[in-house]
Every structure is written in C-alpha cells, then in structure tokens.
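> Kindly generate the corresponding structure for this input.
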Amino acid sequence: MDLQGHIKAIWPQLHAMAEPAFEEVHTASFLAGFLRKLGYEVAEGVGGTTAVVATLDSGRPSPVVALRTDMDCLLFKQADGSDKPIHACGHDGHMTIALGVAQLLAEQGLPQGKVKILCQPAEEIGRGALELLKAGALDNVDYAIGYHLMPKDMARSGQIIAQIKWTACTLMEGEIRGLAAHGSQPHLGVNAIDVGAAIVAGINALHTNPLLGGSVKTTRFLGGSGSLNAICDKVNIGFDLRSTSNSEMLALRQKVADLVVNTAKVYGAEAQCHIVGTCPAAEADPSLQAVTCETIVEELGTEGLIPAASITVGEDFNFFKEQRPHLKTASLGIGCDLVPRLHDPEMAFDHAALVPAIKVLTSLCLKILQVKP
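Numbers count the residues shown, from 1 in each chain. Next up, the predicted model:
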C-alpha cells in the first residue's frame, strides 16, 4: 500500500467536507463506503446517530480490538456572523489514519479475532463516545485504541507518545435568583450580583492537591442587564473544573454545587447548579502501554518514542474505560509538527507524519491480536 498516496488522496477530501457534531452525514457516508470496499462489515447510523462501526472478522476467536477515530469539526464565527466548519483539531487526520490502518489490516489479514473501526461523532462536545457505548458498540471489545494529533511542543514529526494522560474536565453552570428592588432601597431586595461575587471568592478559595493538577475557574458571570438604578435579581454563572484524578473530580463537583447553593442561602437568595458536560481522566492499562512502547520502538526507533505525556485537555474516549472497566485502553499522541495550536482555524500539520502513525497503529493492532484468548 502506498501510504503517502493514500494520505494525498484521502485527507483533502475529508478536510473539505468538515461537519460539526452529530451532523457528519457526508463524512460518515464517505468512511462507510471506503471501509465497505475493503471488505469490512459496515453498520451506519449506529445508535441513531451518524456513527459508523466497521468490523473485520478473521473467523477465529477473540480478542476484539477497537480502533476509534472521531469525525466532527469545529465551528468558527465569521465576519458576517455565519459559522464556518473547519477541521482545526485534526479529526481529518485521525480519519485518514484510521482508513490507512483499516486498509493495511485488510490486505495483511488478521491472525485471529476481530478489528472494529469506530467512527465516532461529536467528540468536540463530549457526547459521541457515550452514544457508541449506549449502542453497544463496545460490548464485545477487549482492547480500545485511541489517538490524537499533538501540538509541536509535545511531540515532533516522527515521534509518538505511547500514552496521553488526558485530564478529567467538567463544565458546570449555576443560576442565582435574588430579589429585585429599587437602587434607593437595597434593603428590600437581594442583589444576585453580591451573591455571585461571594461565590466567585469562594471558588477561588477551593484548594486541591497540587500533585493531582486540580483547578476550578469561574468562566462566566452574566447579570444586571436592566436599569442601572435597579437591584439585580438574576445572575448566570459558569465554572470549568479540571483534575488528573477522577475521584478528585467527583469531590470538586460536589464542592462547587454545595458552595453555590449554600452561599446563596446565606444571602437570602436561591441557587441551583448543574453539570453541562464532563469527560473522565485517562486510565491506561500498564501492560498495554508496555506493548505500545515496544511497538513504537520497533517501527520508529528509540528516538521516536515518548513513553507518556500529560495534557490538561479532556477527551471523551476515556468514557470507554470508565463505563467498561474490563477494557484495556491506550491513547497515543501523534507527533506531526502541529502549529500554532489545536482549535485554531489556521492549524496546520505535517501530513507525512501520518505515515508512521498508520504503521505503528497497524502493528499495534496485529500485536494485540496475536495474544491468546
């Protein structure tokens, strides 16, 4: 297989058909058609979404390895107010890699077991992996492999990170309801802005174990849009929570919710707080990480291996392990001289770096499939 030719033929098409979360209709059809031509058994519209699950079966018993690629893009506001869909997080590269691996596996054949290519929607809003889980796409899977293009400061072209230590993240939103009053009679009202300010101060005083990388930030404070001589009766407030520990994240969520509700009570106001979105932290399997490191060295040499790296970003791939604890998972970071950063509309990367990624992931799948059931 001509991998460079594959990349030059496939990536431009996927890049040009960028589609946002749960709207990856053309993208899903493209992937399904490509995989079907390779001889995979393809299911489209999985879970009532745009998800595609393609299976290559050796006809012999387990193990079952799932290779996951995300499909959605980001939306960027234009000068005329319209939203422009752009693949600024590398998902076009991820899909190109997945199709390359799928083709090599089909050409070389599987020693035993099955390979499932999971084409997942809606990673950017943290909901696509959950839809695959609900649909049962991971029910018979033993190993799940994810990967992501990484910024240049984390990995260069020709390097691959054996395990990305993704961070748990939670977005929370609170609503504070005070009591409106005339500005000349503040004692007759409850100023929601005062309550919100006290909550922000409390959030800033929430200290976590620095070794676990925990943090809570107030990221939204909206209120007081009425008359300047009126006491504000409503404030909307938002928070970003991060931690490398899933158990600490659970504790942080409870602390934030308690702080918002109880601080409001002290001031005579009412408040509620709820989770808008969340992703768990990565929980890698040590034995699979060792196999991944070994595979990278075999394909790229010792200079191509970065054993592990931490990043303060969330990834919904980690729901697989959280909800299917028996799974052995690996999340690789693909070095590709990516600049200036992820989620930038001008993001660009070295396409040639997808070649070693395809080789490593193909070899990793085959190495795992050689394990006796």
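
> Just the pLDDT for residue 212.
Note on residue 212: pLDDT of 86.

> Isn't it up against residue 244?
Yes - Residue 212 lies in contact with residue 244 (Cβ atoms under 8 Å); the separation is 5.3 Å. Quick note: C-beta positions are derived from backbone N, CA and C, even for glycine.

> Rounded mean pLDDT for stretch 41-60, please.
Stretch 41-60 comes out at a mean pLDDT of 97.

> Show me what the helix ranked longest in the chain is packed up against.
Secondary structure of the chain per DSSP state H: the longest helix is helix 246-266. Helices and strands touching helix 246-266, by 3 or more Cβ pairs under 8 Å, 6 or more residues apart in numbering; DSSP states H and E, are strand 168-177, helix 192-204, strand 215-223, strand 234-243, strand 270-279.

> Relative to the shortest one, what are the paired strands and their orientations?
For strand 215-223, sheet partners with direction are given as strand 234-243 (antiparallel), following DSSP bridges.

> for the helix or strand hosting residue 76, packing partners?
If you go by DSSP states H and E, residue 76 is part of strand 74-77. Secondary-structure packing of strand 74-77 (3+ Cβ pairs under 8 Å, 6+ apart): strand 83-86.

> Can you tell me the strand partners of the strand holding residue 76 and which way each runs?
Partners of strand 74-77 in its sheet, by DSSP bridges: strand 83-86 (antiparallel).

> Skip ahead from the strand it pairs with and say which helix or strand is next.
Assignment by DSSP H and E places the next element after strand 83-86 at helix 91-108.

> If you count neighbours, what's buried in that following helix?
91-106 (16 or more other Cβ atoms under 10 Å).

> Okay, angle between the longest helix of the chain and strand 215-223 too, please.
Taking axes from the mean of the first three to the mean of the last three Cα atoms, to 10 degrees, one finds helix 246-266 and strand 215-223 inclined to each other by 40 degrees.

> Can you mark which positions in helix 246-266 are buried?
Residues of helix 246-266 classed as buried: 248-249, 252-253, 255-257, 259-261, 263-264 (neighbour count, 16+ other Cβ under 10 Å).

> Now the spatially most central residue of the chain. Nearest residue, chain neighbours left out?
By Cα atoms, centre = their mean, the chain has its centre lying nearest to residue 315, at 2.5 Å. Computed as Cβ to Cβ, 6 or more residues apart in numbering, the closest residue to residue 315 that is not its neighbour in sequence is residue 166, at 4.4 Å.

> To what extent is that neighbour buried, counted in neighbours?
26 (other Cβ atoms under 10 Å).

> On the pLDDT front, check residue 372 for me.
66.

> Can you report the mean pLDDT over the residues of the longest helix of the chain?
Average pLDDT, helix 246-266: 97.

> Which residues does it contact?
The contact list for helix 246-266 (Cβ atoms under 8 Å, 6 or more residues apart in numbering) reads 168, 170, 172, 174, 176-177, 195, 198-199, 202-203, 206, 208-209, 212, 214, 216, 237, 239, 241, 243, 270-273, 275, 278, 280-281, 283, 322.

> check contacts around the residue nearest to the centre of the chain.
123, 146, 148, 164, 166, 279, 282, 331.

> State the pLDDT value of the first one.
The confidence metric pLDDT takes the value 96 at residue 123.

> wait, what's in contact with it?
By Cβ under 8 Å, 6+ apart, the neighbours of residue 123 are 21, 70-72, 91, 129, 315-317.

> Give the buried subset of those as a PyMOL selection command.
Burial among the contacts of residue 123 is assessed by 16+ other Cβ under 10 Å; the matching PyMOL selection reads:
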select buried, resi 21+70+71+72+91+129+315+316+317
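
> Any chance of the contacts of residue 123 in a markdown table with pLDDT and distance to residue 364 as columns?
Listed next are the contacts of residue 123 as a markdown table, based on pLDDT from 0 to 100; distance: Cβ to Cβ, whole Å:
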| residue | pLDDT | distance to residue 364 |
| --- | --- | --- |
| 21 | 97 | 28 |
| 70 | 98 | 18 |
| 71 | 98 | 21 |
| 72 | 98 | 25 |
| 91 | 98 | 20 |
| 129 | 97 | 20 |
| 315 | 96 | 18 |
| 316 | 96 | 21 |
| 317 | 97 | 15 |
